[in-house]
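# Need coordinates for the below:
(2 chains)
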Amino acid sequence: MFVAGSFEYNLHLELAISELEKKGIPRDAIAAFIMDSRVEERKILDTIHRADGISSFDAAALLGTFLMLLGAIYGFVLPWGPIIWGIIGFITGSVLGFLGDVFIARLYKRRDSGGKTGTNKGKAVQVVLIVECDRARESIVRDIMWDNLALGVGALPG
Amino acid sequence: METKQPESIRNIRRPIGLVSTITVNFFHLRNPWVTAAWSALFPGFGFIIMGSYIKGFLLVGWEFLINSQAHLNTAIFYSFTGQFDLAREVLNVRWTLLYLTVWVFSIWSSYTLTVDLNKLAILGTREKSTMVPVAIDAMSINFLDTRQPWIAAGLSMLSPGLGHLYTHRIPTSFFLMIMLIATVYYSHLLEAIQYTSSGAFGAATLVLDPQWLLFIPSLYGFAIYDSYVNTVEYNKLFAQEQARFLRDNYQRPRFRSRLTALKRQEEA
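Numbers count the residues shown, from 1 in each chain, chains lettered A, B, ... in the order given. I've put the predicted structure just below:
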């Protein structure tokens, strides 16, 4: 029979595999499916002149830093002093930068998806492990997967 | 005649990164305008972002020396607040002109280096280069792992350098901590925070030194940004390395299910 578990990339995944092998599942009875996600594909297609998916932080950090600088400068001549105005500048700049980038990202997304909406929320499955074992070992395999942070586990009787 | 390079050489030619005991240095795609902008805010930061530490440290040290000797930050402060005569007066012309060429160079060079490193990042990924994910020696241990980007950003917000300690980027962390001590001390920042908290805004303004205070926004912004981005990229690198391991070892199953058994019988 087959037992399948879905995982994210982390050290627990390797712990699960090594534990399965220790419990007597041969290496060639374990198959790992590497799941591509649509988002990843788009990132690879980005040109080298564009950042890769982290750009919602780029503008926030840069604008936040810049307005913090202006806040600290003009704080010397404004009523509350440079500290308060520096903090106000930082928060204003970060929020503005973040909103601006989210807005731009949305424009790109609409263009790329060709009008299709609908996004995957929650954790994306990154690896699916499929293990062939006899019925007696099913619960052991299931337990090993659950103990190592599987997102979901299922079996196909046979 | 066909000659083919073995895979081991191809991985060495176009590496994707290196785990060493003090940091993980690796290629990933970056926006060249962003690294150029960091270099404009503080020469050298663009290079530290890219992992080009020696250049980065050289330029950051240079910035501290020339800026503080020329009183450039104080002059910027006077100019922005309309006190142009004071700005003219405070600038030390024995140092000021040194600033220009190196400042422009660091912006330009950050941009072009990012474009070049992006090419290497793409080549390394296409070659499916792999790396050893753990480094250990007598004094230190480092390994690829998945971490929370917001913890790195939050720690950097509390104290620049801590976010980089969390992700084990020792050179950046060490440098940020030294810079923090120097700028906080000479700008009288902590005294000003004390005064501001108790509502004595006038005293806070008086005690602060704009020459050193103007370094602080770049320092904080950079620490938060760099630790966040690196954590995100470490996570991607971890996934890339683990996927490679799984592909190499767990993608040739020989399932003995009834279906394959039947198929083999038919073939026979």
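
# Quick check on the nearest residue to A:Ala29 once chain neighbours are set aside: phi, psi?
Nearest residue to A:Ala29, sequence neighbours excluded (CB to CB, 6 or more residues apart in numbering or on different chains): A:Glu132, at 4.5 Å. For glycine as for every other residue, the C-beta is placed from the backbone atoms N, C-alpha and C. Main-chain torsions, A:Glu132, degrees, to the nearest 10: phi -100, psi 130.

# same question, A:Gly5
Main-chain torsions, A:Gly5, degrees, to the nearest 10: phi -130, psi 140.

# now the strands for chain A?
Secondary structure of chain A (DSSP state E): strands located at A:2-7, A:30-34, A:127-132, A:152-156.

# quick revisit: which pLDDT value goes with the residue nearest to A:Ala29?
For A:Glu132, the pLDDT comes out at 91.

# OK, contacts around it?
Contacts for A:Glu132 (CB atoms under 8 Å, 6 or more residues apart in numbering or on different chains) come out as A:1-2, A:29, B:253, B:255-257.

# Count the neighbours of A:Val102 for me.
Residues lying near A:Val102 (other CB atoms under 10 Å in any protein chain shown) number 13.

# Could you report the distance from it to A:Ala59?
Using CB to CB, to the nearest Å, we find A:Val102 at a distance of 10 Å from A:Ala59.

# The closest residue to A:Ala16 other than its chain neighbours and chain B: what is the separation?
Counting by CB to CB, 6+ apart, A:Ala16 lies nearest to A:Asn148, which is 3.7 Å off, once chain neighbours are set aside. Distance, A:Asn148 to chain B, using CB to the nearest CB, to the nearest Å: 13 Å.

# Tell me which residue in chain A sits closest to chain B.
Closest contact between chain A and chain B, by CB to the nearest CB, is at A:Thr65 (2.9 Å).

# how many neighbours does B:Pro210 have?
The number of residues packed around B:Pro210, counting by other CB under 10 Å, is 23.

# which residues sit in contact with it?
By CB under 8 Å, 6+ apart, the contact set of B:Pro210 is A:72-73, A:76, A:82, B:73-74, B:77.

# Swap in 6 Å and give it another go.
Going by CB atoms under 6 Å, 6 or more residues apart in numbering or on different chains, B:Pro210 touches B:74, B:77.

# Tell me the confidence at it?
At B:Pro210, pLDDT is 91.

# Now B:Leu180. Nearest residue, chain neighbours left out?
Distances taken as CB to CB, 6+ apart place B:Pro160 nearest to B:Leu180, at 5.1 Å, with adjacent residues excluded.

# Just read off the phi/psi values of that neighbour.
When read as degrees, to the nearest 10, the backbone of B:Pro160 gives phi -50, psi 130.

# That one: neighbour count?
Neighbour number of B:Pro160 under other CB under 10 Å is 27.

# Isn't it up against B:Leu176?
Yes - when contacts are counted by CB atoms under 6 Å, B:Pro160 is listed as touching B:Leu176 (4.4 Å).

# Are there residues contacting both of the two? Which ones?
Common contact partners of B:Pro160 and B:Leu176 (CB under 6 Å, 6+ apart): B:Ala223.

# Report pLDDT for residue 65.
Using chain A. A:Thr65 carries a pLDDT score of 88 in this model.

# My question was about chain B, not that one.
On the pLDDT scale, B:Leu65 is placed at 93.

# Show me what from chain B comes close to chain A.
Residues of chain B lying near chain A by CB under 6 Å from any CB of the partner chain: B:29, B:31, B:34, B:37, B:77, B:80-81, B:118, B:146, B:192-193, B:196, B:201, B:204-205, B:208, B:213, B:217-218, B:221, B:225, B:228-229, B:232, B:238-239, B:242-243, B:246, B:250, B:253-255.
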